[in-house]
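Student: Structure, please.
(2 chains)
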Amino acid sequence: MDDNIIEIRDDEINAVEIMDKIRENIRKRHADGELPQDPDTIIGSASNNCQAVESDNTFQRDLSYISANWDIQNNSYSISSHHAYIGKFLIKGRQLVNGEVRRYVDPIAYKQTRFNQNSKRILNCLAQREKEINEKISEAVKTREGAISTINTKLEKTAGEFENRIQKLEITTNDIKNTTCELENKIHEDVLNAVNAINIDIEKKAWLAQLLEERVQKGLAQKGALSASIKKEDTNYFLFEERFRGSRKDIKQRQLAFLPYFEKCSSVLDIGCGRGEFLEILKDHGIGGFGVDSDPDMVAYCRSRQLDVDQSDAIMYLEKLEDKSLDGIFIDQVVEHMEPDYLIRLLALCQNKLKFGYYIVVETVNPLSFVSFVNFYIDMTHKRPVHPETLQFLISAAGFRESEKRFFSPVSGEGKLKKIEETAEMNLSEEKNVDVYNHNVEILNTVLFGAQDYAVIGKK
Amino acid sequence: MQIHQILPTLSPADAIGNEVRLMQALFQEWGYTSHIFADNWHPNTPALDYNTYNKYSRKENILIYHYAIGSDITEFFKKLPDRKIIIYHNLTPAEFFIGINEGLYKVLKEGRDSLSSLVPSVELAIGDSEYNRQELETMGFSRTAVLPILIDFDTYDRFNTSLVRKFTDDYVNILFVGRISPNKKQEDLLKVFYYYKSINPKSRLILVGGYNGCERYIEQLRGIVEKLHISDVLFTGSVPFKDLISYYKIADVFLCMSEHEGFCVPLVESMFFDIPIIAYNSTAVPHTLGNSGILIKQKKFGEIAELINIITKDNNFKKKIIEQQKKRYHEFMFENNKKKFHRIIYNLIDAVKS
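Tutor: Numbers count the residues shown, from 1 in each chain, chains lettered A, B, ... in the order given. Purely as a prediction, here's the structure:
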């Protein structure tokens, strides 16, 4: 058998060496008498009965002693002497003294002996009675145990009968439950079938409607004005955002830049709020905000995070609001999904609903950067990129007094074209060439890898 | 499609409850509607009554059943049309509770029997350790996987300063965290400590864990403390999370003599808090430790006490053990397990699509 009690799965540690050290320490402690007694012996040896047995023996011993030594009268005392000549006189003298002393001592000794005798009798009697009582108790215990055992047998029998009855009841209850469950499942299935049938019917009708609409659109689209559009509802846009837009944490980090425009506001509307990142930022900073989004998955998600969000078309929603009721509007990565007419109408409505002196922030993809322009087409629901100048013009045209453009999310250095570093060994002509090259790289980097997003901020 | 979870009891301060809530947050983050259904729950961690699940039940839904004890939910779960997964957190063998808690004995015994009855209706059975997965396979589950229990260590930062101050001194603190329960063999911890106390009188044994339902067992343990005349043994009972973190902060050694563990979260927690682990080689313990910590092959209490003495004095040895534990801890990091779980769930969804 392996004596090594430890296992260490690390090549750098020598378990055998440690085990040797352990054994060596134990050996030393044993030699020095420091090793404690085996705990199992201590836990197992303590017995409460030992003390009782001990005291019982002492009692019997004491009682025997009392029984043997109760008589303290000295009647057997005889006076004698070995001296041949003076012996007679000595005996006479001692008898005289003894007689005088016993006159005082004997009555006391007599009384004490009587007391001892009575005490001995009482104690023996008590011991006898205790013995009898103990016997009677054990007899009674035996009788009771017998009675208890009979009762237990009866109880077990009754319990068995009860258990049988309960089992029968359980079987009946289970039957009822099963029937109920089957009924429930049947109803559930019937309802599902009915709903499915309705859904199929709706889908057929929707398909017919789509077919008709396509024919109408074909007629209208001779100039190619209308492009085929992907509806958001056709895909799980929520999953799409998860994959391509970035984590909620990253988006919140980016959106923090817009917070100063809404400081101390109490009624900020987030149009196309998506997963509610900006609404959460507002909430975290004690700013009152609410959102609107047309995607039911997004709305359900926001509501699960206790955010105040309605599912609606943005224009229909804004039309219902009172004029000058908002003190901030935030539209992030939304306008690139809109047709121009819709966008113009939306901005006009925003101007009406915003209070004087407050801000609208509209952020979208920057088409001036080649990389973000190309990435624009990852999202099939994007309609067209909006040029920064166009957006600024539309915001001014909607009636906002001041507007400014801001660019965000530059491509990191690693993704850009690299410049050549000048070195001390270069001659003048080489240095000039490097300057020209680096200047060109800078221009190309701006065109290809410029800021990926921009925002136009309007003030009413 | 929705992804829901169902379990007998949702508590705020146990590893299963924490995992269930983390999973719910993940499903919601991935865009699914997700609720928790339970038979009992703590007011701080509300759940929906499992009897109302019929309203949510759909053929295309995924329903995850966290299995750790026998319950009426098993029969209910079997009859649902949803796609079913169980996550098996292990059942303690009932035999440990003979003479300690007859009720628990019965529930555990029934729990094991009814688990195997789930074989035909479950699509995937997940164990939170390789040990549990092997048990599932033996019971007859055909499709099994391992997903280490999800623990978010970002929440392990708040502690009770006064408690830490109280126990920060020149004493060696030996810690064990886990319910006071016969399978955890706290009596063996007492015997090791009895030896260690004779080597180093400036030492404490801290046993963190509730004893609800095992009152008879804790009485026996207190009897042993008295008979062996050992001082400085602390039974904390059930403690708030902040206090638990504090005990880990002041511990010098984590000692585990348990003879049945399904996963043993405190081992990972000790890795996180850089406490050298000495643990008896049983059930899931070697799987959770991997190549880290010190495994005990035989319960020779005097020798184990000497080992504690060596590891608390030999800094180099202690450092090496902790380094290996740190490597192992990385495998349990929330981010890694989150990805693994994501793969499991999406494989399941894809399997149906294809």
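Student: what's around A:I148, how many residues?
Tutor: Counted by other C-beta atoms under 10 Å in any protein chain shown, the residues lying close to A:I148 total 11. Yep, even glycine has a C-beta here, placed from its N, CA and C like the rest.
Student: Distance check, it against A:V141.
Tutor: 10 Å (C-beta to C-beta, to the nearest Å).
Student: ditto for B:E323
Tutor: Counting by C-beta to C-beta, the gap from B:E323 to A:V141 is 66 Å.
Student: Where does pLDDT dip in the stretch 51-200 of chain A?
Tutor: The model of the stretch 51-200 of chain A has pLDDT under 70 over residues A:51-65, A:67-69, A:74-78, A:80-82.
Student: Flag every residue of it that's near chain B.
Tutor: Contact residues (C-beta under 8 Å from any C-beta of the partner chain) of the stretch 51-200 of chain A with chain B: A:181, A:184-185, A:188.
Student: Go through those residues and flag which are in helices.
Tutor: A:181, A:184-185, A:188 (DSSP state H).
Student: residue contacts, the residue most central in space within chain A?
Tutor: Nearest residue to the geometric centre of chain A (C-alpha atoms, centre = their mean): A:R305, 18.1 Å. A:R305 sits next to A:276, A:280 when contact means C-beta atoms under 8 Å, 6 or more residues apart in numbering or on different chains.
Student: Domain map for chain A?
Tutor: As recorded under automatic domain parsing, the domains making up chain A are A:1-36, A:50-154, A:237-459.
Student: can you put those in JSON lines and add distance to B:E137?
Tutor: As requested, these are arranged in JSON lines below (distance: least, C-beta to C-beta, whole Å):
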{"stretch": "domain A:1-36", "distance to B:E137": "25"}
{"stretch": "domain A:50-154", "distance to B:E137": "45"}
{"stretch": "domain A:237-459", "distance to B:E137": "33"}
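Student: winner for burial among those domains?
Tutor: Comparing those by mean neighbour count (mean count of other C-beta atoms under 10 Å in any protein chain shown), domain A:237-459 comes out on top with a mean of 17.
Student: State the mean pLDDT of it.
Tutor: For domain A:237-459, the mean per-residue pLDDT is 89.
Student: how about the helices in chain B?
Tutor: B:15-29, B:73-78, B:102-116, B:130-139, B:161-167, B:186-199, B:215-227, B:241-250, B:265-272, B:285-289, B:301-313, B:315-330, B:334-353.
Student: wait, what's in contact with A:R94?
Tutor: Residues in contact with A:R94 (C-beta under 8 Å, 6+ apart) are A:I79.
Student: Look up how far A:A31 lies from A:E17.
Tutor: Relative to A:A31, and taking C-beta to C-beta, A:E17 is found at 21 Å.
Student: now swap in B:L295 and tell me
Tutor: 30 Å.
Student: One more: B:S203?
Tutor: Using C-beta to C-beta, which is the criterion applied here, B:S203 is 23 Å from A:A31.
Student: Indicate the residue of the stretch 1-150 of chain B located nearest to chain A.
Tutor: Nearest residue of the stretch 1-150 of chain B to chain A: B:G31, at 4.2 Å (C-beta to the nearest C-beta).
Student: Over to that residue: give its phi and psi.
Tutor: Reported as degrees, to the nearest 10, the phi and psi values for B:G31 are phi 100, psi 10.
Student: OK, contacts around the residue nearest to A:A314 when sequence neighbours are not counted?
Tutor: Distances taken as C-beta to C-beta, 6 or more residues apart in numbering or on different chains place A:I271 nearest to A:A314, at 4.9 Å, with adjacent residues excluded. Counting by C-beta under 8 Å, 6+ apart, A:I271 touches A:291-292, A:314, A:318, A:329-331, A:334, A:346, A:350.
Student: now, which of the residues you listed sits nearest B:L26?
Tutor: A:G291 (23.4 Å; C-beta to C-beta).
Student: I figured the closest one hits A:V268, correct?
Tutor: No: the criterion here is C-beta atoms under 8 Å, and A:G291 misses it with A:V268 at 9.3 Å.
Student: what sits in contact with each of these two?
Tutor: In contact with both A:G291 and A:V268: no residue, using C-beta under 8 Å, 6+ apart.
Student: need the strands for the stretch 201-350 of chain A, in chain order.
Tutor: A:268-271, A:289-293, A:309-311, A:328-332 (DSSP state E, counting those that start in this stretch).
Student: Need the residues that contact the third one.
Tutor: With contact meaning C-beta under 8 Å, 6+ apart, strand A:309-311 is reached by A:273, A:276, A:279, A:290-296, A:298-299, A:302-303, A:317.
Student: same question, stretch A:289-304
Tutor: Contact with stretch A:289-304 is made by A:232-233, A:236-238, A:262, A:265, A:267-276, A:278-279, A:282-283, A:307-314, A:317, A:328, B:28, B:31, B:33, as judged by C-beta under 8 Å, 6+ apart.
Student: In chain B, which strand is the longest?
Tutor: Secondary structure of chain B per DSSP state E: the longest strand is strand B:3-10.
Student: Just the CA atoms of it, as CSV, please.
Tutor: In CSV, the C-alpha atoms belonging to strand B:3-10 read as follows (Å, rounded to 0.1, in the frame of the first residue of the first chain):
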residue,chain,number,x,y,z
ILE,B,3,-35.8,30.1,-22.8
HIS,B,4,-37.1,29.6,-19.2
GLN,B,5,-35.7,27.9,-16.1
ILE,B,6,-37.4,25.8,-13.4
LEU,B,7,-36.2,24.6,-10.0
PRO,B,8,-37.6,23.6,-6.6
THR,B,9,-36.2,26.5,-4.5
LEU,B,10,-34.6,29.8,-5.5
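Student: quick one: that strand to helix B:102-116, angle?
Tutor: 160 degrees (axes from the mean of the first three to the mean of the last three C-alpha atoms, to 10 degrees).
Student: what does strand B:3-10 rub up against?
Tutor: B:16-17, B:20, B:23-24, B:27, B:32-42, B:45, B:47, B:50, B:53, B:56, B:61-66, B:68-69, B:71, B:73, B:77, B:82, B:345.
Student: Can you say which of the residues you listed are buried?
Tutor: Buried residues within the contacts of strand B:3-10, counting neighbours by 16 or more other C-beta atoms under 10 Å in any protein chain shown: B:16-17, B:20, B:23-24, B:27, B:32-39, B:41, B:45, B:47, B:50, B:53, B:56, B:61-66, B:68-69, B:71, B:73, B:77, B:82, B:345.
Student: In strands only, show me the residues you listed.
Tutor: Per DSSP E, these map to strands at B:36-39, B:41, B:62-66.
Student: Need the max-distance pair from those.
Tutor: B:W41 and B:I62, at 21.3 Å, using C-beta to C-beta across these.
Student: Now A:Y317. Nearest residue, chain neighbours left out?
Tutor: A:Y317's closest residue in space is A:V292 (C-beta to C-beta, 6+ apart), at 4.6 Å.
Student: hmm, back to that, need the ones in helices among the residues of the stretch 51-200 of chain A next to chain B in TSV (columns: neighbour count).
Tutor: TSV is the format used below for these (neighbours: other C-beta atoms under 10 Å in any protein chain shown):
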residue	neighbour count
A:C181	15
A:E184	13
A:N185	15
A:H188	15
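Student: Next, format those residues as CSV and append distance to B:S282.
Tutor: As requested, these are exported to CSV (distance: C-beta to C-beta, whole Å):
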residue, distance to B:S282
A:C181, 42
A:E184, 45
A:N185, 44
A:H188, 46
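Student: Would you point out the most distant pair within the residues you listed?
Tutor: A:C181 and A:H188, at 10.1 Å, using C-beta to C-beta across these.
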